[in-house]
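Colleague: Sequence plus predicted model, see below.
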Amino acid sequence: MAVQRGLESARPAQTRLFYDALAERFVSPAWRVALWGARFVVVRRAIEAIYDLVGGPGPRASAIARTKLIDDLIGEVAPSIDQLVILGAGYDTRAHRLDCLSDRAVYEVDHPNTQADKRAVLARAELSAATAPRYVAVDFERDDLTAALIASGYQPAQRSMFLWEGVTQYLSLEAVDKTLSAIHHAGRQDDTLVFTYVDDAVVSGEHDRFPEAARWMHGTANRDEPWISGLSPAGLHDYLRTHGFCLVSDLSTRQAGERYFTPPQRPDQGSDLYHVATATIS
């Protein structure tokens, strides 16, 4: 994701969908050189073409479309919330790059080892302390999410938004159920949840519906991050309702791509297998 955000940020201002000045700090030295070169249009197009050839159509464009869509969703909700909780934050930099969060409390929840790596990188960037999120170190397999949040200053009585991006497909359905229950317990009525998921047809092997699926899944498996679960778009409303949520919207990254790539006349196209859903606690 840092590579994708870096490539997008290398684009000219008139065609890029967002700008992340910190993305290149989280990539390997080789990719850092590539991202520097990506400022030149011929180099960037070559990098994107090679990436799409190796990874297949879908992953790169889906990453960009989902990032922009979630940025916009946060921008819509931010005026009505007091705090944002990012679950499995990884190398997310929204606390630093989204102006709408400048006066909101941001809690980043992740494994302590991941957070240690991230904080070491950001320390070298000498960022303003005013934009720093509150880091909540949690082992999702063992720790109590609500207790960890409260210990970090989270206020259960205040309006919240929960972001759970790029995680569910790597968890068992039992772990997804458990996390949804924890979010429901930590939040309050009408709080917003934004999360991503992959169509369960892909995980069950129905690749005919999604030509890009085989190479995409092969790539994640080679990185020791295989997709192990998905959700059904047709059954999502009922699934969320059983966990105490009301589905508000569900867009595939292909649909999001049509929204964002068409105006600047970009040929990028997202995928129908990857979704961004919004729900509220009911």
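Modeller: Structure received.
Colleague: How about the residue nearest to the spatial centre of the chain, nearest residue that isn't a chain neighbour?
Modeller: The C-alpha lying nearest the average C-alpha coordinate of the chain belongs to residue 165 (CA atoms, centre = their mean; 3.2 Å). Distances taken as CB to CB, 6 or more residues apart in numbering place residue 196 nearest to residue 165, at 5.2 Å, with adjacent residues excluded. C-beta: built from backbone N, CA, C; applies to glycine.
Colleague: Next, count neighbours for residue 175.
Modeller: 16 (other CB atoms under 10 Å).
Colleague: Now do the helix or strand harbouring it: distance to the chain's middle.
Modeller: Element membership of residue 175 [criterion: DSSP states H and E] is helix 173-186. Relative to the chain's own centre, helix 173-186 is displaced by 18 Å; criterion: CA atoms, centre = their mean, to the nearest Å.
Colleague: same deal with stretch 178-193?
Modeller: For stretch 178-193, the separation from the chain centroid amounts to 18 Å (computed by CA atoms, centre = their mean).
Colleague: what does that stretch rub up against?
Modeller: The contact list for stretch 178-193, computed with CB atoms under 8 Å, 6 or more residues apart in numbering, reads 77, 81, 85, 87, 140, 144-146, 149, 154, 156-157, 159-164, 171, 240, 243-245, 248, 278-282.
Colleague: first to last residue in it, what's the distance?
Modeller: For stretch 178-193, the first-to-last residue distance is 15 Å (CA to CA, to the nearest Å).
Colleague: before we move on, what about stretch 258-268?
Modeller: Terminal-residue distance, stretch 258-268 (CA to CA): 9 Å.
Colleague: Also stretch 248-256?
Modeller: Terminal residues of stretch 248-256 are spaced 15 Å apart (CA to CA).
Colleague: and if you look at stretch 129-139?
Modeller: Rule used - CA to CA; the end-to-end distance of stretch 129-139 is 26 Å.
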